[in-house]
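Visitor: Take this sequence and fold it.
(one chain, ligands or ions: 2)
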Amino acid sequence: MATELFGVPASCLRMPHVEKGMAVGLFGGSFNPPHAGHALVAETALRRLRLDQLWWIVTPGNPLKDRSALAPLSERIALSRECSKDPRIKVTAFEAAHKIRYTADTIELVLACNRGVNFVWLMGADSLRDFHRWERWRKIVRSVPIAVFDRPGATLSFLSSKMAKVFDQARIDEDDAPLLARLSPPAWTFVHGPRSSLSSTQLRETVRSAVL
Ligand SMILES: Nc1ncnc2c1ncn2[C@@H]1O[C@H](COP(=O)(O)OP(=O)(O)OP(=O)(O)O)[C@@H](O)[C@H]1O
Ligand SMILES: O=C(O)c1ccc[n+]([C@@H]2O[C@H](COP(=O)([O-])O)[C@@H](O)[C@H]2O)c1
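Guide: Ligands and ions are numbered 1, 2, ... in the order given. A predicted model of the protein is given here:
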């Protein structure tokens, strides 16, 4: 295992330490750059799912996105740390150290390395809309509970997305969200709550037009 890679501190290349029995959220993202909308999802997840920890997983690159505008991993990690002040939030980039490309592999590795820990995958409603395009998406749903967080423009994904339709029977009421991490998959919920219309695309465009 590398001790430093791409200028990323060694501590971010390892999975964070967890104890058996904990409930831990896995929040993967490009975070290019991170913003208050991400922080809001993380805070809402900690509270509504009663998580002990949340792993803010900075991906080396979303396999479905063009990487030409992707900032260096070290930069996205540094900005993510500034965005996430709650001590239960652990910013990590262990996927890069393991050369992982797909979330299905991330989850397989996380589960294999942390028996007895209750993980739940976290994502925004726009990700649910496109989830059926992810590599081995059905396997992901059968491997780990999933919490989806509302996002302006994607609210109806909890009804219309392919994942929502195929796994309709596995959806639990959001009032039961505190139980989610400890349920056997497939199990998922859609969490309504405070919403943010911020996006990384919008922030990148603001910076670009300020520079031009
Ligand atoms: N404002 C938001 N509300 C709810 N979820 C969000 C919001 N912004 C991002 N997310 C979720 O956070 C995760 C990481 O998102 P990502 O880093 O791609 O940010 P983004 O703003 O969607 O970026 P981009 O505009 O470049 O696509 C994804 O699961 C995404 O759905
Ligand atoms: O595994 C896949 O096929 C896959 C496809 C699209 C996105 N993902 C993951 O979804 C998370 C959110 O990505 P993003 O770019 O929307 O922030 C991040 O962890 C990506 O690695 C994963």
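
Visitor: what about the residue most central in space within the chain, which SS state?
Guide: Centroid check for the chain by C-alpha atoms, centre = their mean gives residue 27 as the closest residue, at 2.2 Å. The three-state label given to residue 27 by DSSP: H, G, I helix; E, B strand; the rest coil is strand.

Visitor: quick one: it from residue 120, how far?
Guide: 10 Å (C-beta to C-beta, to the nearest Å). For the C-beta atoms, the positions are set from N, CA and C on the backbone; glycine is no exception.

Visitor: again, but for residue 19
Guide: Counting by C-beta to C-beta, the gap from residue 19 to residue 120 is 16 Å.

Visitor: Looking at the chain, which residue is nearest ligand 2?
Guide: residue 28 (2.2 Å; C-beta to the nearest ligand atom).

Visitor: burial measure for residue 208, as a count.
Guide: For residue 208, the neighbour count with other C-beta atoms under 10 Å is 10.

Visitor: what kind of secondary structure is it in?
Guide: Residue 208 is classified as helix under three-state DSSP.

Visitor: Need the per-residue pLDDT for it.
Guide: Residue 208 is assigned 85 on the pLDDT scale.

Visitor: Over to residue 1?
Guide: If you check residue 1, the pLDDT there is 48.

Visitor: quick one on the thing from earlier: bridging residues for the residue of the chain closest to ligand 2?
Guide: Applying DSSP bridges to residue 28 gives these bridge partners: residue 57.

Visitor: I'd like to know how far the residue nearest to the centre of the chain sits from residue 89.
Guide: Residue 27 is 8 Å from residue 89, by C-beta to C-beta.

Visitor: wait, isn't residue 190 in contact with residue 154?
Guide: No: the pair residue 190 / residue 154 is not scored as a contact, 10.5 Å apart, by C-beta atoms under 8 Å.

Visitor: list residues touching both of these two?
Guide: 125, 128 (C-beta atoms under 8 Å, 6 or more residues apart in numbering).

Visitor: any weak-confidence spans in the chain?
Guide: Low-confidence segments of the chain, defined by pLDDT under 70: 1-4.

Visitor: got the residues of it near ligand 1?
Guide: By C-beta under 6 Å from any ligand atom, the residues of the chain that approach ligand 1 are 29-32, 37-38, 41, 123-124, 126-127, 149, 151, 196, 198-201.

Visitor: List only those of the residues you listed flagged as buried.
Guide: When these are checked for burial by 16 or more other C-beta atoms under 10 Å, the buried set is 29-32, 37-38, 41, 123-124, 126-127, 149, 151, 196, 198-200.

Visitor: taking those residues one by one, which sit in helices?
Guide: In this view, these that belong to helices under DSSP state H are 37, 38, 41, 126, 127, 200.

Visitor: Export those residues to JSON lines and append columns for distance to residue 8.
Guide: Shown next, in JSON lines, are those (distance: C-beta to C-beta, whole Å):
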{"residue": "37", "distance to residue 8": "24"}
{"residue": "38", "distance to residue 8": "19"}
{"residue": "41", "distance to residue 8": "23"}
{"residue": "126", "distance to residue 8": "27"}
{"residue": "127", "distance to residue 8": "24"}
{"residue": "200", "distance to residue 8": "19"}
